[in-house]
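Novice: take this sequence and fold it.
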Amino acid sequence: MHCKNIIPDVVAYNSLIDGFCKSGKISYALKLVDEMHDRGQPPNIITYNSILDALCKRHHLDKAITLLSKLKDQGIQPNIYTYTILIGGLCKGGRLEDARKVFEVILVKGYNLDVYAYAVMIHGFCNNGLFDEALAMLSKMTTDNNCNPNAATNEIIICSLFDKNEIDKAKRLLHEMIVRGLV
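Specialist: Below is the predicted model of the structure:
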């Protein structure tokens with residue numbers, strides 16, 4: 001992007017960066033971030049969420065954590081989507097305890113957690129066979145945070161319970177969903 005008289009705006013840069021990230025060319029995306037700085041178009045949280053997502057999907061979790069620290073140092077405030085990306089990456093990367101810590105931090109900081117943030121953490125618990133924790137999280141989201149699970153959230157747990165041959169627990173949860181009108 002080296003046209004002398006045309007300087008792309010942040011939206012154009014973000015589109016290019018997202019495309020590079022989705023195609024696995026993270027190093028190109030990072031070069032564009034440097035170019036953004038050089039051209040007076042500072043990256044925003046959307047820029048960094050694209051890169052963070054690509055790093056997590058490729059299991060470069062330490063680099064993702066470093067990137068999160070870097071953007072905080074630059075005064076860029078992570079949003080709930082940023083943290084959800086990191087939590088999902090940590091869960092998929094076998095670092096459930098790290099994901100749990102990040103989740104607790106964002107709860108303490110008062111982020112307004114959405115159903116997707118809870119679903120990512122619940123999915124992490126289920127993938128590790130921690131159904132009691134998943135069910136506790138499901139309960140916590142409704143009682144403590146007034147966030148109602150959707151059918152997809154419950155489906156994560158029910159399918160995982162069936163996969164692990166926990167038929168009775170799956171039936172109880174399905175019954176609760178029917179009673180609450182979620183099915």
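
Novice: going by C-alpha atoms from here, please, whenever you check contacts or count neighbours.
Specialist: Will do.

Novice: mind listing what residue 113 touches?
Specialist: 80, 107, 145, 147 (CA atoms under 8 Å, 6 or more residues apart in numbering).

Novice: how near is it to residue 170?
Specialist: Taking CA to CA, to the nearest Å as the measure, residue 113 and residue 170 are separated by 25 Å.

Novice: what's the helix or strand for residue 68?
Specialist: helix 61-73 (DSSP states H and E).

Novice: now do the SS call for residue 118.
Specialist: helix (DSSP: H, G, I helix; E, B strand; the rest coil).

Novice: oh, I was asking about residue 7
Specialist: coil.

Novice: can you tell me how far it sits from residue 41?
Specialist: For residue 7, the distance to residue 41 (CA to CA) stands at 9 Å.

Novice: ok, now residue 157?
Specialist: In terms of CA to CA, residue 157 sits 43 Å off from residue 41.

Novice: quick one, which of these two is more surrounded?
Specialist: residue 157 (25 against 17; other CA atoms under 10 Å).

Novice: for that one, which non-adjacent residue is spatially closest?
Specialist: Excluding the flanking residues, the one nearest residue 157 by CA to CA, 6 or more residues apart in numbering is residue 126, at 6.4 Å.
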